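S.K.: what follows is a predicted protein model with its sequence.
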Amino acid sequence: MSELNHRELGLSDEEVLEMYRYMLLARKIDERMWLLNRAGKIPFVISCQGQEAIQVGAAFALDREKDWLCPYYRDLGMVLAFGQTAKEQMLSAFAKAGDPNSGGRQMPGHYGDRRFRIFTGSSPVTTQVLHAVGIAYAGKLQQKEHVVLTTNGDGSSNQGDWHEACNFAGVHKLPVIFMVENNQYAISVPLKRQVAGGEIWKRGEGYGFPGIKVDGNNPLAVYQAVKEARERGINGEGPTLIEAVAYRLVPHSSDDDDRTYRTREEVEEAKKRDPMLLFKNYLVEKGILTEELNQKFNESIAREINEATEYAEKAPYPDPETTYEHVYA
Amino acid sequence: MPVISYIDAVTQALMEEMRRDSCVFVLGEDVGVRGGVFRATVGLYEEFGPDRVLDTPLTESAIVGVGIGAAAYGMRPVAEIQFADFILPAFNQIVSEAARIRYRSNGDWNVPMVIRAPYGGGVHGALYHSQSVEKLFTGVPGLKIVMPSTPYDVKGLLKAAIRDEDPVLFFEHKRCYRLIKGEVPVEDYTLPIGKADVKREGSDVTVITYGLMVHYALQAAEKLEKEGISTHVLDLRTLIPLDKEAVLEAVKKTGKVLIVHEDNKTGGFGGEVAALISEEAFLELDAPVQRLCGPDVPAMPYSPPLEKEFMLNPDKIADAIRELAEF
């Protein structure tokens, strides 16, 4: 898969296996949600498929006890690695009262969870990028040692809020990691019609901090980049922009049909570089993962998701009376 | 009690709150070294330093968005938008984010932030330095909207806004800044957000208004008293939450209601007040509810005769009261 060796990055065999398991859990939850959607059981899915390596690689490079996340709607792998569970994802998918993100108020993928310092997100893109800067600034005022990682897609890196956030964090040298999960498409519009110059990472230089491009299909490459960015942030050297390049393997959402704007051949070609496949091969090659262990992972994850689905399906909806709660304190 | 100006009340409230609570900090354009283009934050930079009196890049959406992140973290940001006219680039952060964060997170997160913005005309500010923007926000649940008229109200309500657990839009009438002076206690005090205030008792006609128009209504009332017309003036002080009880009480006083605001008539907050009266106090009315508002043109023009035509003044208000008294 790559020249990178996890041990040289300071990751143990156990840790990379854990990374793999989180990636697999994210992929399998996502696949189940599509089935539930097509069966008419849940109204909407927005996917992480193809971006698991970015999300889990980044989460493992952070301090998952101290650092903050302002994620975007595809970051299933990231929020799982930060502590949310399969059961909680299903509660959100079924819009049940127990959904920790919103109590069933928001569509799935709109993460937010104070327990894990995951700040609540919305649907207008890149608003969260400014919130990340504000959290970092507040942490600086309170002399806390942590970084904030915020993510968005390639198309969103054109939004005004994204640029305002980069500039603000650059001026004040704040410990923010701006990570663009470049999956090549903003719904139907490909990168070349979205991003002038085609290289998002180069925008970092204009804001006075480093920008780097990494292979988003390789969790070790993302891990390495985020680890270094975190060091910079903690050392007071300011923000880092990371463009992690992958491919969105499925339509934008359950309401999209990607056959209207890209060929099946292109998608099949991208599947050859599916991060799940590549990372599995790497682990097998290194003698860490066996077919037998992989089978065990798949089985335990299937069980976990079955239980989660069953639990969430039976769980209560929010009481209609609660519609009026939490408008003001 | 010392007499201070409206803008001094803003400065004092900020100064005292920043001394009281180290989580309170100010951010905005030119708020630091310069002390604000209106000088509302004068002296803060010297006392609290550049980190708590933060000169931001010229980016309104970032001022509000960064404030939201900091507030959610546990700070008490007071963001200044230099002119209310320039709040629109931050509209998405205010409406989609600040207003909805408590609701959308099912109470997991909240945004204890104040957004201060000078609004209003009569200062040769033309289209983009004179606007009243409250109607763009009054229909957005999750926000509180405060629009005080006197130094006493400014200080007590700004302190309350800073201590509030939810986002508060605090609109200051820029014509009031140095024109309006009043007594303000030296001791710490707050005023409840959501309570209107009777600024003058009367029995013939009720005027319901807020901001600079309170003063114009009081001047009109003074003049009309000599003509034998008694005017009751209710200052809303807070648009959201609206003090419904006080509105209904004020209607009962006279049975004739004139609502006055500088914001455009169509879609302006007066329509909401009129609807409330019609729903809940129709039988108290002796005349149709009247509105005297800014005209439905896009904004206030620069040229003096045009500005004068747009702006309300005590004479226009007196005419409207007289007409209603004679109904």
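M.R.: The structure has been received and is ready for your questions.
S.K.: okay, CA-based contacts and neighbour counts for the rest of this
M.R.: OK.
S.K.: spell out the secondary structure type for residue B:118.
M.R.: Following DSSP: H, G, I helix; E, B strand; the rest coil, the label given to residue B:118 is strand.
S.K.: so who does it touch?
M.R.: B:81, B:82, B:83, B:84, B:171, B:172, B:173, B:174 (C-alpha atoms under 8 Å, 6 or more residues apart in numbering or on different chains).
S.K.: the residue lying closest to it once chain neighbours are set aside: how many residues sit nearby?
M.R.: In this structure, residue B:118 finds its nearest non-sequential neighbour in residue B:172, 4.6 Å apart by C-alpha to C-alpha, 6 or more residues apart in numbering or on different chains. Neighbour count of residue B:172, defined by other C-alpha atoms under 10 Å in any protein chain shown: 26.
S.K.: shouldn't residue B:172 be within a strand?
M.R.: Yes. Counting by three-state DSSP, residue B:172 is part of a strand.
S.K.: hmm, it is touching residue B:147, no?
M.R.: Yes. Residue B:172 lies in contact with residue B:147 (C-alpha atoms under 8 Å); the separation is 6.2 Å.
S.K.: find the nearest non-adjacent residue to residue 297, please.
M.R.: Since no chain was named, I'll use chain A. residue A:21 (6.9 Å).
S.K.: let me rephrase: I mean chain B.
M.R.: residue B:264 (7.6 Å).
S.K.: now residue A:6
M.R.: Spatial nearest neighbour of residue A:6, chain neighbours left out: residue A:220 (6.6 Å); criterion: C-alpha to C-alpha, 6+ apart.
S.K.: confidence score at that neighbour?
M.R.: Note on residue A:220: pLDDT of 98.
S.K.: which helix or strand contains it?
M.R.: According to DSSP states H and E, residue A:220 maps onto helix A:219-234.
S.K.: restrict that helix to CA atoms and write it as PDB.
M.R.: Once non-C-alpha atoms are left out, helix A:219-234 reads as follows in PDB (Å, rounded to 0.1, in the frame of the first residue of the first chain):
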ATOM      1  CA  PRO A 219      -4.900   5.700   7.300                       C
ATOM      2  CA  LEU A 220      -1.100   5.800   8.100                       C
ATOM      3  CA  ALA A 221      -0.500   8.700   5.800                       C
ATOM      4  CA  VAL A 222      -3.300  10.600   7.400                       C
ATOM      5  CA  TYR A 223      -2.200   9.600  10.900                       C
ATOM      6  CA  GLN A 224       1.300  10.900  10.200                       C
ATOM      7  CA  ALA A 225       0.000  14.300   8.800                       C
ATOM      8  CA  VAL A 226      -2.400  14.900  11.600                       C
ATOM      9  CA  LYS A 227       0.200  13.900  14.200                       C
ATOM     10  CA  GLU A 228       2.600  16.500  12.900                       C
ATOM     11  CA  ALA A 229      -0.200  19.100  12.600                       C
ATOM     12  CA  ARG A 230      -1.100  18.400  16.200                       C
ATOM     13  CA  GLU A 231       2.500  18.900  17.300                       C
ATOM     14  CA  ARG A 232       2.600  22.200  15.500                       C
ATOM     15  CA  GLY A 233      -0.700  23.300  17.200                       C
ATOM     16  CA  ILE A 234       0.400  22.300  20.700                       C
END
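S.K.: what's downstream of that helix, the next helix or strand?
M.R.: strand A:240-245.
S.K.: quick one: residue A:115 is in a strand?
M.R.: No. Per three-state DSSP, residue A:115 lies outside any strand segment and is helix.
S.K.: distance check, the closest residue to chain B within the stretch 151-300 of chain A against residue A:240.
M.R.: Closest contact between the stretch 151-300 of chain A and chain B, by C-alpha to the nearest C-alpha, is at residue A:164 (5.9 Å). Counting by C-alpha to C-alpha, to the nearest Å, the gap from residue A:164 to residue A:240 is 15 Å.
S.K.: which one of these two has more residues nearby?
M.R.: The neighbour comparison of residue A:164 against residue A:240 (other C-alpha under 10 Å) goes to residue A:240, with 33 against 24.
S.K.: correct me, but that one touches residue A:229?
M.R.: Yes. Taking contacts as C-alpha under 8 Å, residue A:240 lies within contact range of residue A:229: 5.7 Å.
S.K.: now do the shared contacts for the two.
M.R.: Joint contacts of residue A:240 and residue A:229 (C-alpha under 8 Å, 6+ apart) are residue A:177.
S.K.: would you map the strands across the stretch 151-300 of chain B?
M.R.: B:168-173, B:181-183, B:197-200, B:205-209, B:231-235, B:238-240, B:257-264, B:290-294 (DSSP state E, counting those that start in this stretch).
S.K.: and the stretch 151-300 of chain B, which residues reach chain A?
M.R.: With C-alpha under 8 Å from any C-alpha of the partner chain as the criterion, the stretch 151-300 of chain B meets chain A at residues B:165, B:166.
S.K.: quick check: the residue nearest the centre of chain A vs chain B, distance?
M.R.: Geometric centre of chain A, nearest residue: residue A:75, 2.4 Å, by C-alpha atoms, centre = their mean. Distance from residue A:75 to chain B, counting by C-alpha to the nearest C-alpha, to the nearest Å: 17 Å.
S.K.: got the contact list for that residue?
M.R.: Going by C-alpha under 8 Å, 6+ apart, residue A:75 touches A:48, A:52, A:55, A:109.
S.K.: with adjacent residues omitted, what lies nearest to the last one?
M.R.: Which is residue A:109. Using C-alpha to C-alpha, 6+ apart, the nearest residue to residue A:109 is residue A:73, at 4.4 Å.
S.K.: and the strand or helix carrying residue B:17, is it in reach of chain A?
M.R.: Using DSSP H and E, the element containing residue B:17 is helix B:6-20. No. Helix B:6-20 does not reach chain A (C-alpha under 8 Å from any C-alpha); its nearest approach is 13.7 Å.
S.K.: just the buried positions in that helix, please.
M.R.: By neighbour count with 16 or more other C-alpha atoms under 10 Å in any protein chain shown, helix B:6-20 contains the buried residues B:6, B:7, B:8, B:9, B:10, B:11, B:12, B:13, B:14, B:15, B:17, B:18.
S.K.: my read is that the third one contacts residue B:38, right?
M.R.: Looking back up the chat, that one is residue B:8. No. Using C-alpha under 8 Å, residue B:8 is not in contact with residue B:38, being 10.7 Å away.
S.K.: what ranges do the helices span in the stretch 1-150 of chain B?
M.R.: B:6-20, B:44-52, B:60-73, B:91-92, B:101-104 (DSSP state H, counting those that start in this stretch).
S.K.: which residues touch residue B:166?
M.R.: A:328, A:329, B:110, B:111, B:112, B:113, B:142, B:143, B:144 are the contacts of residue B:166 under C-alpha under 8 Å, 6+ apart.
S.K.: repeat the analysis, applying 7 Å as the threshold.
M.R.: A:328, A:329, B:110, B:111, B:112, B:113 (C-alpha atoms under 7 Å, 6 or more residues apart in numbering or on different chains).
S.K.: can you put those in CSV and add distance to residue B:126?
M.R.: Shown next, in CSV, are the contacts of residue B:166 (distance: C-alpha to C-alpha, whole Å):
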residue, distance to residue B:126
A:328, 36
A:329, 38
B:110, 36
B:111, 33
B:112, 33
B:113, 29
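S.K.: if we can go back for a sec, tilt between the helix holding residue B:17 and strand B:168-173?
M.R.: 150 degrees (axes from the mean of the first three to the mean of the last three C-alpha atoms, to 10 degrees).
S.K.: what mean pLDDT does helix B:6-20 get?
M.R.: Helix B:6-20 comes out at a mean pLDDT of 98.
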